[in-house]
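Engineer: Sequence and predicted structure, then a few things I'm wondering about:
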Amino acid sequence: MARRERVMRMSVEQPLWRALAGYRVLTMVYAIGFFVTAHSGFARPWLAVAYYAVLFVWTLATLPKVAGAASCTKRFLTADLTIALTGILLTPFADAHERVMNGGPTLPSIWTAGSVLAFAIKGGWRWAAVASTLVAVANLVERGTPARDTVHNVVLVWVASIAIGYVVEVARASERTLARALEIEAATRERERLARDIHDSVLQVLAMVQRRGAVIGGEAAELGRMAGEQEVALRTLVSGGLVPVSRVSEDTAEGAVVRAVEEPERDDPDGPVDLRALLAPYAGSLVNLAEPGAPVLLAPLAARELAAAVGAALDNVRRHVGEQARAWILVEDEPDEVIVTVRDEGPGIPEGRLSEAEGEGRLGVALSIRGRLRDLGGTAELISVPGQGTEVELKAPKKTTSSTSARGKAAER
C-alpha cells in the first residue's frame, strides 16, 4: 500500500512580507516627494533625478521579489542594499553641503530601512546585523563626522532590524512546533480510527476462531491457539505501535512544512534500542504484555540481556508450571531504570528450592536471570508464595558502567 503523505503549511511571516512591500512603495514616494519640494536647494539636482528614476523603477519592478522568502534571494538582497548604500554615498554630491552637515536626509531617506528589514525577515537577526552595520558605515561616511543625530539614527535602525530579525526566528520556530503538534494529533486520530476498524473486524474474527477451535478440539484447537496468539500480537501493535512514524520539518516560502515519512533503519549500532520491540515476540494467547505507550530506550546490550532474562523466566514458567500456564509481563519505564516484572499463576517455589537447584547444578535462575542482571549493574528478585504463583522482578539501570559495556562487547566478540 502506498504511503500517504499529509502536508500542512502555515505562515506567520507572510504578513510581514506584505507589509514590507507596502513600506517600500510608500517610502519611495516619500523620498521622491521630499526631493520635489526641496529640489531648488540641491547642488546637482540632475544627479538626484537620475537616482530617483532608478529607485522608482527598481522599487516597482521588484515588488514580486518581496512577496515571500522563496523569491527574496540573496542576489536580490545584495542588489537592493547596494542601491540603498549608493544613494547614501551620492547624497554629498547631489545635495548642498550645508544641508548635509545640518543632518538633512539622504537621497533614499527612510527607504533604506526597507532594504535592511528584508534582510531581517529573510535571514533573521544575524543577516539584519550585517546589513544595518553596512548602512551605519555608509551614513558615517556620508556625514563625514559622527554627529549625534546620525549616531542616533544609525543605532535606531541597527536595534530595530536586529529585534525584528529575532522575532521572525522565534515565530518560525513556533510555527514549526505547532505544525509538528498538529501532524502528531492527526496521526494519532488516524491510528485510533484504524484501531477501531481492526477491532470491529479482524480482532473479532480471530477471537471467534480461537473460541470455536477450543470447542471443536483436535487440529482446530491448534488453529484456534495460533489465532489467539495473532490476536494478542495484533492488539499490542495497534494499541502501542512499536514502529513510530518519524516527522520531518522544513521551512519554505509558505512556512513550516511537516511530512509523515518512513522511519529509516538505524545506522548507529550503539544507539538506544526500544525494549518493547524485543519483548513483543513473547506476547501471545498465554502471555499478556503490558507496556508504556512511549518507547522504552536502553543501550543495545542492556536491552538484549534484559529481554533474554525475561525469556528465561518464561521458560521456567512453561517448564515448572506447564505448557498451558498463563504469564504476565509488566514493563515500567522509570527515570533511572527499567523494571520488568514476570508473573505466573503456578503453585509457587518452595522455600529453599532455588538454593537446592543451584547446588545440583541447575543454574537457570542463577545464571540466565540473576547473572545477566548483575552484569548490567541491576538486580533480579524472585518473590514466590506457595499456592500463589511466582513473580520475578528485573531492574536494569539506564546508564551502564564502562566496564560493563566493555565486558558486553568482549562477550559479543
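Structural biologist: In hand now; what should we look at?

Engineer: Could I get the full set of helices for this protein?
Structural biologist: Per DSSP state H, the chain carries helices over the ranges 14-38, 45-61, 74-94, 97-101, 111-123, 125-143, 148-198, 204-216, 219-240, 275-279, 300-320, 353-359, 372-375, 402-412.

Engineer: Mean pLDDT and distance to Thr390 added to these, as CSV?
Structural biologist: (Glycine included, C-beta is placed from N, CA and C.) Below are the helices of the chain laid out as CSV (pLDDT from 0 to 100; distance: least, Cβ to Cβ, whole Å):
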stretch, mean pLDDT, distance to Thr390
helix 14-38, 89, 64
helix 45-61, 92, 83
helix 74-94, 90, 69
helix 97-101, 77, 94
helix 111-123, 88, 65
helix 125-143, 86, 63
helix 148-198, 77, 34
helix 204-216, 79, 26
helix 219-240, 72, 22
helix 275-279, 89, 19
helix 300-320, 86, 8
helix 353-359, 53, 10
helix 372-375, 86, 16
helix 402-412, 47, 27
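
Engineer: which of those helices sits most buried?
Structural biologist: helix 111-123 (a mean of 25; mean count of other Cβ atoms under 10 Å).

Engineer: now for that helix, which elements pack on it?
Structural biologist: Contacts defined by 3 or more Cβ pairs under 8 Å, 6 or more residues apart in numbering; DSSP states H and E place helix 111-123 against helix 14-38, helix 74-94, helix 125-143, helix 148-198.

Engineer: that older thread, so which of the helices of the chain is nearest Gly293?
Structural biologist: helix 219-240 (6.1 Å; Cβ to Cβ).

Engineer: contacting residues around the nearest residue to Phe35 once chain neighbours are set aside?
Structural biologist: Counting by Cβ to Cβ, 6 or more residues apart in numbering, Phe35 lies nearest to Ala48, which is 5.7 Å off, once chain neighbours are set aside. Ala48 is in contact with Phe35, His39, Phe42, Ala94, Asp95, Leu107, counting by Cβ atoms under 8 Å, 6 or more residues apart in numbering.

Engineer: Distance-wise, check Ala48 relative to Phe42.
Structural biologist: Using Cβ to Cβ, to the nearest Å, Ala48 is found at 6 Å from Phe42.

Engineer: quick one: common contacting residues for the two?
Structural biologist: With Cβ under 8 Å, 6+ apart, Ala48 and Phe42 have common neighbours Phe35, Ala94, Asp95.

Engineer: Which single one of those residues is nearest to Val232?
Structural biologist: Phe35 (82.5 Å).

Engineer: Arg143 against His97, yeah?
Structural biologist: No - judged on Cβ atoms under 8 Å, Arg143 makes no contact with His97 at a distance of 11.3 Å.

Engineer: re the thing from before, got the contacts of Ala48 as CSV, with distance to Lys122 columns?
Structural biologist: Converted to CSV, the contacts of Ala48 look like this (distance: Cβ to Cβ, whole Å):
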residue, distance to Lys122
Phe35, 29
His39, 35
Phe42, 34
Ala94, 30
Asp95, 31
Leu107, 24
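
Engineer: now, among those, which is nearest to Glu190?
Structural biologist: Leu107 (58.7 Å).

Engineer: correct me, but that closest one touches Leu85?
Structural biologist: No - in this structure Leu107 lies outside contact range of Leu85 using Cβ under 8 Å: 10.9 Å.

Engineer: need the contact list for the closest residue to Pro92 other than its chain neighbours.
Structural biologist: With Cβ to Cβ, 6+ apart as the criterion, Pro92 has its nearest non-adjacent residue at 5.4 Å, and that residue is Val100. Contacts of Val100 were listed using Cβ under 8 Å, 6+ apart, and they are Thr91, Pro92, Glu142, Arg143.

Engineer: how does it look with 10 Å?
Structural biologist: Residues in contact with Val100 (Cβ atoms under 10 Å, 6 or more residues apart in numbering) are Ala43, Thr91, Pro92, Phe93, Ala94, Thr106, Glu142, Arg143, Gly144.

Engineer: which residues touch the last one?
Structural biologist: I take that to be Gly144. Per Cβ under 10 Å, 6+ apart, neighbours of Gly144: Pro92, His97, Val100, Met101, Thr150.

Engineer: Check the gap between the third one and Thr106 for me.
Structural biologist: Relative to Thr106, Val100 is positioned 9 Å away (Cβ to Cβ).

Engineer: if I look at the two, which residues touch both of them?
Structural biologist: In contact with both Val100 and Thr106: Thr91, Pro92, Ala94, Glu142, Arg143, using Cβ under 10 Å, 6+ apart.

Engineer: any idea how far the closest residue to Pro108 other than its chain neighbours lies from Met226?
Structural biologist: Excluding the flanking residues, the one nearest Pro108 by Cβ to Cβ, 6+ apart is Gly87, at 3.8 Å. Noted for Gly87: a distance of 82 Å to Met226, by Cβ to Cβ.

Engineer: So which of the contacts of Val100 is the closest to Tyr30?
Structural biologist: Nearest member of the contacts of Val100 to Tyr30, counting by Cβ to Cβ, is Thr106, at 12.4 Å.
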